[in-house]
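Visitor: The sequence and its predicted three-dimensional model are supplied below.
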Amino acid sequence: LTFYTAPVSVMALLPFALYRESSAFEEYYATNATPTILLLVGGSIAALAYNVVHNQMIAVMSATATTVLGNVKIVILIFASSVMFGETNDWGYKLVGGTALTLGGFFLYSYAGLRDKLEQMRASELKAEGKQDGNYRV
């Protein structure tokens, strides 16, 4: 999807970025060329690595599991950044409850998926041994 939407986004946003940001960027780049290049190259490599990992996760897992894991990642990032930057005083019941709900849902989703896989493995083992017809619950 990004393959098709990225060129359209670039064409739509590039004129505005050049108009609004080009003079400030040129001024900053003139005094900080190396860090600017490293930041652009490093950010591009990180984005590429993220996309490759994301596509491989979808291939290995499922789109639903990848979405659930992505939501958990966001919650953990928000939680970790709050702790790292000392913003724990701003935590309210909604933030703590939402975090607990998201992480609890992730753990239940993972548990259910693992349980189903275990049941399938056990049923196939019993069927191979000829002990049951494969309808076995762990």
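Guide: Arrived safely, thanks for sending.
Visitor: And the host helix or strand of Phe79, what does it pack against?
Guide: Using DSSP states H and E, Phe79 sits within helix 63-84. With contacts taken as 3 or more Cβ pairs under 8 Å, 6 or more residues apart in numbering; DSSP states H and E, helix 63-84 sits against helix 33-60, helix 93-129. Placement of C-beta: from N, CA and C, glycine included.
Visitor: roughly how far apart are the residue nearest the centre of the chain and Ser44?
Guide: The centre of the chain sits closest to Gly70, judged by Cα atoms, centre = their mean, with a distance of 3.4 Å. Distance of Gly70 to Ser44, given as Cβ to Cβ, to the nearest Å: 21 Å.
Visitor: tell me the phi and psi of Gly86?
Guide: phi 70, psi 30 (degrees, to the nearest 10).
Visitor: buried ones in the helix holding Phe79?
Guide: 65-66, 68-69, 72, 75, 79, 82 (16 or more other Cβ atoms under 10 Å).
Visitor: Among those residues, pick out the one closest to Asn89, please.
Guide: Checking the buried residues of helix 63-84 against Asn89 with Cβ to Cβ, the nearest one is Ser82 at 9.6 Å.
Visitor: Read off the pLDDT value for the residue lying closest to that closest one once chain neighbours are set aside.
Guide: Excluding the flanking residues, the one nearest Ser82 by Cβ to Cβ, 6 or more residues apart in numbering is Thr88, at 5.9 Å. The per-residue pLDDT reported for Thr88 equals 78.
Visitor: The one 5 residues further on now?
Guide: pLDDT recorded at Tyr93 is 88.
Visitor: what's the neighbour count on it?
Guide: 7 (other Cβ atoms under 10 Å).
Visitor: Now for Gly98: which residues touch it?
Guide: Contacts here follow Cβ atoms under 8 Å, 6 or more residues apart in numbering; on that basis Gly98 touches Val75.
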